[in-house]
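Student: coordinates for the following, if possible.
(2 chains)
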Amino acid sequence: MKERVFFDDEFEKHLKEKADQFKMYPSDKVWNQVHSSLHTRRRKFVAGMTLLIGTILILAGSQLIFPPGNIHPQTIAAKTGAPAKPAETADVQGFTPANFAAGPNENSSEPHPADRSLNTDAPSLLLLSRVSSNPQPGPGDLPETLPEKLLNTTPATTLLPEEVKITGIMAAPDHSEYGEPVPGPSGTQATRNHSDRFSWEMYIAPTLNTHYLNGLNYQTMAQSIQSSPIMVVHVANVNGFVDNTPVMGFDVGGNILYRISKNISLKLGLDFSLNRYYIRAYNSNPSQASATLSSYLGYIADSLVNTNPGSGINKNPQHYENRYYQLSLPVGVDMRVAGSGNLQLHLGATLQPSYLLNTDAYVLSEDYNSYTKDAQAFRRWNLIAGAEAYLSYRVGKIRWELGPQLRYQIFSAYKNSYPLQENMLNYGIRIGISKSIR
Amino acid sequence: MTEEAILQGCLKNHAAAQKELYNRYSPKMLAVCYRFAHSREDAEDMLQEGFIKVFLQMHTFQSKGAFEGWIRRIMVHTCINHLKKNKRFNESVDLIQASSLQIREENIPSIVQAKQIVDCIRMLPLGYRTVLNLYAIEGYAHREISVMLDIEESTSRSQYTRARQMLEEILIKRNLITTVREKTDRLTAIL
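Tutor: Alright, predicted model coming up:
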């Protein structure tokens, strides 16, 4: 812009002077919005993860607080006190709740042989077992009245003469209403439910690793770009200074899951991952390179000097590999969102405190001319956010799992004092197996 | 904190440095936006948009000129772009024809408060106000203004002439300035 360097007259001069003296103070929301616009990537990720985890937790909570009703067909078989009749002519009209409840007491003090052959269909398991294991039930053991429409006779061929089968729709029996939990004929249904809550899973996931850099100084880079050993010279893009080609890594681990509701499980596990990416630089004789540790505004606090492998005038770029071995402890939730049989769809989210096992990766020197290895630049403890979606298919007692997974390292791989921030992202296909613990 | 340290921090995308820069320049820049805007809310919108551009374009700043001037130019362009989205603005800038007016010689006394002047400027029609802001206060040439506002250079000149005349009338009505003739009359009366 070619600004006019003089003003036409005194009026304009004074007008400008007066206008420039004027100041106004913006409201706080302006800065808040500016700040949020400048730091959108991290905010979007945090918001996305919060939404995902929040949704899963809300769904999990709703499952716990408002469990789906356990209404299903029940078949009640009981021995009546009526005289034996041919099954084809069983007198249902003459059957009343009173004689239904009082039957065994009035007519037989011994368990009827027919008890041993009572129908043991699964749906009638609990109530049936109560009757069969308690040959002299008290009057209060059963509801005093049963709707007549619930009464029905079963096909005669399946009934013993003194047996009446009542089929209908009623709520599953509440153990508290009948006293102590009653074991089922084949063992203990309640005990089995309890043990079914635990399961284990193991998985392995080939992953593609990428990383994001923040905090590079554009001006310094522009000044040093001519002598830089780094291949990419796209100043406008920070991440253009390193080779961001995704590289294969892997992620392997296992979890113990505890089912807290029909569809929701909590999980805790152990995970080992290898993340890596390539650096392209010119090989040369070792020289001195320094990686400055500074405060956030660039005030020098410390400087690390090391021998670097990648500086010089060799025209052939070399590939160096940065590897990160991490051990993490996934804690999260797993939710079944579809399917109830062999094929199911699950979503999962975890937070994973992680520990960096190795620190022999390369870091960029302060003048962006060299790479150097320096253990002091790395953050040992970090936090990883993970999300996954997978299909599971049951084959025998094992469930096979397959689906995509995403892991993002929330804090920089480097310490705060290092002027760069590097966040790792890997995504892959998770292959796993799971099995209930009985 | 020095301006250099702030700039370095902003280049590293450090929020604290960005906040420091914002605190330092936002009062002046909001005043710039306010002269162009319909309302304070509009001015704050312009300021927000302008500062986001400032931080995102920071790496393009070359230390040849004053940093404040660089920010100010971004703000002015942001204001103009903001106004251009308003159909009424385009009409008001383009359609008003100027006639040749005599420029009177007035001065603005130093005791007049800056806020009074800005309030008077904001009383001008939008098209007049914009051209006057750009020419008289921001120092752009009519040719540059014609490019910025997509108007003829002659239109910019005539808009400015009318804007200035109207502003003078407002200032006189508010007793913020006196005309040369009035001064002469007073002197004559005294003498």
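
Student: C-alpha only now, for contacts and for neighbours.
Tutor: OK.

Student: just give me the residue right at the centre of chain B.
Tutor: What sits nearest the mean C-alpha location of chain B, by Cα atoms, centre = their mean, is B:Asn133, with 3.5 Å.

Student: residues contacting that residue?
Tutor: B:Arg35, B:Phe36 (Cα atoms under 8 Å, 6 or more residues apart in numbering or on different chains).

Student: measure it to A:Pro206 for me?
Tutor: When Cα to Cα, to the nearest Å is the yardstick, B:Asn133 and A:Pro206 sit 61 Å from each other.

Student: now do the helices in chain B.
Tutor: For chain B, helices defined by DSSP state H occupy the ranges B:3-11, B:15-36, B:40-56, B:67-84, B:87-95, B:114-122, B:126-132, B:142-149, B:153-173, B:180-190.

Student: anything in the longest one near chain A?
Tutor: Right, helix B:15-36. Yes. In terms of Cα under 8 Å from any Cα of the partner chain, part of helix B:15-36 sits within range of chain A, namely B:Ala15, B:Ala17, B:Lys19, B:Tyr22, B:Ser26, B:Pro27, B:Lys28, B:Met29, B:Leu30, B:Ala31.

Student: so which strand or helix has A:Glu12?
Tutor: Take DSSP states H and E as the rule and A:Glu12 turns out to sit in helix A:10-21.

Student: does that helix reach chain B?
Tutor: Yes. Using Cα under 8 Å from any Cα as the criterion, contacts between helix A:10-21 and chain B involve A:Glu10, A:Phe11, A:Glu12, A:Lys13, A:His14, A:Leu15, A:Lys16, A:Lys18, A:Ala19, A:Asp20, A:Gln21.

Student: for the helix or strand following that helix, list every residue counted as buried.
Tutor: Where DSSP H and E defines the elements, the next helix or strand beyond helix A:10-21 is helix A:28-38. Applying a neighbour-count criterion of 16 or more other Cα atoms under 10 Å in any protein chain shown, one finds A:Val30, A:Trp31, A:Val34, A:His35, A:Leu38 buried in helix A:28-38.

Student: from chain B, how far out is the last one?
Tutor: When distances are taken as Cα to the nearest Cα, to the nearest Å, A:Leu38 and chain B turn out to be 7 Å apart.

Student: again, but for the first one
Tutor: Shown here: A:Val30 relative to chain B, a distance of 6 Å by Cα to the nearest Cα.

Student: which one is that residue nearest to, not counting chain neighbours?
Tutor: On the basis of Cα to Cα, 6 or more residues apart in numbering or on different chains, the spatially nearest residue to A:Val30 that is not a chain neighbour turns out to be B:Gln48, at 5.7 Å.

Student: for the residue of chain B found nearest chain A, grab phi and psi.
Tutor: Of all residues in chain B, the one sitting closest to chain A is B:Lys12 (4.1 Å; Cα to the nearest Cα). Dihedral pair for B:Lys12: phi -90, psi 10, per degrees, to the nearest 10.

Student: and the chain, what are its domains?
Tutor: Let's take chain A. Domain segmentation of chain A under automatic domain parsing yields A:72-191, A:197-436.

Student: hmm, I had chain B in mind actually
Tutor: Structurally, chain B divides into domains by automatic domain parsing as follows: B:1-85, B:101-191.

Student: switch these over to JSON lines; also include mean pLDDT.
Tutor: Converted to JSON lines, the domains of chain B look like this (pLDDT from 0 to 100):
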{"stretch": "domain B:1-85", "mean pLDDT": "89"}
{"stretch": "domain B:101-191", "mean pLDDT": "79"}
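
Student: go through these and name the closest to A:Thr55.
Tutor: domain B:1-85 (30.3 Å; Cα to Cα).

Student: report how many residues lie close to the nearest residue to B:Glu153 once chain neighbours are set aside.
Tutor: Nearest-residue entry for B:Glu153: B:Ser146, 5.0 Å, with adjacent residues in sequence omitted and distances by Cα to Cα, 6+ apart. Burial measure for B:Ser146: 18 neighbouring residues, criterion other Cα atoms under 10 Å in any protein chain shown.

Student: in the stretch 1-150 of chain A, where is pLDDT below threshold?
Tutor: Under the criterion of pLDDT under 70, the regions of the stretch 1-150 of chain A flagged as low confidence span A:1-9, A:41-43, A:45, A:53, A:56-57, A:59-150.

Student: residues of it that sit close to chain B?
Tutor: Checking the stretch 1-150 of chain A against chain B by Cα under 8 Å from any Cα, the hits are A:1-5, A:7, A:10-16, A:18-27, A:30-31, A:33-35, A:37-38.

Student: the residue nearest to A:Val30 and B:Tyr25, how far apart?
Tutor: Separation of B:Gln48 from B:Tyr25 (Cα to Cα): 12 Å.

Student: who has more neighbours, the two?
Tutor: Between B:Gln48 and B:Tyr25, counting by other Cα under 10 Å, B:Gln48 is the more crowded of the two (25 against 16).

Student: what does the stretch 301-438 of chain A put close to chain B?
Tutor: Residues of the stretch 301-438 of chain A lying close to chain B (Cα under 8 Å from any Cα) are A:Pro419.

Student: shaky segments in the stretch 301-438 of chain A?
Tutor: Counting by pLDDT under 70, the stretch 301-438 of chain A contains low-confidence residues at A:301-319, A:359, A:365-370, A:373-375, A:438.

Student: does the closest residue to chain B within it count as helix, strand or coil?
Tutor: Nearest residue of the stretch 301-438 of chain A to chain B (Cα to the nearest Cα) works out as A:Pro419 at 7.9 Å. Assigned by DSSP: H, G, I helix; E, B strand; the rest coil, the conformation of A:Pro419 is coil.

Student: re earlier: closest one to A:Asp334 among the domains of chain B?
Tutor: For the domains of chain B, distance to A:Asp334 was read as Cα to Cα. The smallest value, 36.2 Å, belongs to domain B:1-85.

Student: distance between the ends of the closest one?
Tutor: 38 Å.

Student: with stretch A:334-342 instead?
Tutor: End-to-end distance of stretch A:334-342: 17 Å, with Cα to Cα as the criterion.

Student: contact partners of that stretch?
Tutor: In contact with stretch A:334-342 (Cα under 8 Å, 6+ apart) are residues A:56, A:60, A:263-267, A:344-349, A:392-395.

Student: in ChimeraX, select just the buried ones from the residues you listed.
Tutor: Remark: buried members of the contacts of stretch A:334-342, expressed as a ChimeraX selection using 16+ other Cα under 10 Å:
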select /A:56,60,263,264,265,266,267,344,345,346,347,348,349,392,393,394
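
Student: among the contacts of stretch A:334-342, which lie within strands?
Tutor: Within those, membership in strands is found for A:264-267, A:344-349, A:392-395, as judged by DSSP state E.

Student: I'd like those laid out as TSV, including distance to B:Thr161.
Tutor: Compiled in TSV, the ones in strands among the contacts of stretch A:334-342 are given as follows (distance: Cα to Cα, whole Å):
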residue	distance to B:Thr161
A:Ile264	74
A:Ser265	76
A:Leu266	75
A:Lys267	75
A:Gln344	76
A:Leu345	73
A:His346	72
A:Leu347	68
A:Gly348	69
A:Ala349	66
A:Ser392	77
A:Tyr393	81
A:Arg394	84
A:Val395	87
